[in-house]
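Undergrad: no sequence on this one, just coordinates:
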């Protein structure tokens, strides 16, 4: 494990704990930029944005046939990113992770 991963691991893990955790990790990372932490912060910014967009769309449906798959997919995406941060890997969230890196490059 190189120094970049060691130094940014705490910020990367913190970013996956709620929206507030992501904001805290982002603000800490602004002082001394770390590429590993920035990668995971961008992944989680995208994950939170995706969650809120789909939650608004799905909130009108009052059936488990629609909401359960949404929650399962979101939990799997979150777990994939969180486990990647714990292991010190730059693993993209399936399907959408590469887009998150492009879209939020200037933010984090």
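TA: Right, received. Where do you want to start? Note that this is a predicted model, so its numbers are computed, not measured.
Undergrad: and the residue positioned nearest the centre of the chain, how far is that from residue 22?
TA: Taking C-alpha atoms, centre = their mean, the centroid of the chain lies closest to residue 44, which sits 1.7 Å from it. Here the criterion is C-beta to C-beta, to the nearest Å. By it, residue 44 lies 5 Å from residue 22. (Glycine included, C-beta is placed from N, CA and C.)
Undergrad: shared neighbours, those two?
TA: Taking C-beta atoms under 8 Å, 6 or more residues apart in numbering as the criterion, residue 44 and residue 22 both touch 15, 16.
Undergrad: So which elements touch the helix or strand bottoming out on mean pLDDT in the chain?
TA: The least trusted helix or strand in the chain, going by mean pLDDT, DSSP states H and E, turns out to be helix 3-15, with a mean of 86. Here helix 3-15 touches helix 18-31, helix 35-58, helix 64-87, going by 3 or more C-beta pairs under 8 Å, 6 or more residues apart in numbering; DSSP states H and E.
Undergrad: what's the angle from it to helix 35-58?
TA: 30 degrees (axes from the mean of the first three to the mean of the last three C-alpha atoms, to 10 degrees).
Undergrad: Start and end of stretch 84-98, how far apart?
TA: 15 Å (C-alpha to C-alpha, to the nearest Å).
Undergrad: What lies in contact with it?
TA: The contact list for stretch 84-98 (C-beta under 8 Å, 6+ apart) reads 1, 5-6, 9, 12-13, 15-16, 36, 39-40, 43, 46-47, 50, 77, 80-81, 83, 100-101.
Undergrad: Just the buried residues from the residues you listed, in PyMOL please.
TA: What follows is the PyMOL syntax selecting those of the contacts of stretch 84-98 that are buried according to 16 or more other C-beta atoms under 10 Å:
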select buried, resi 5+9+12+13+15+16+36+39+40+43+46+47+50+77+80+81+100+101
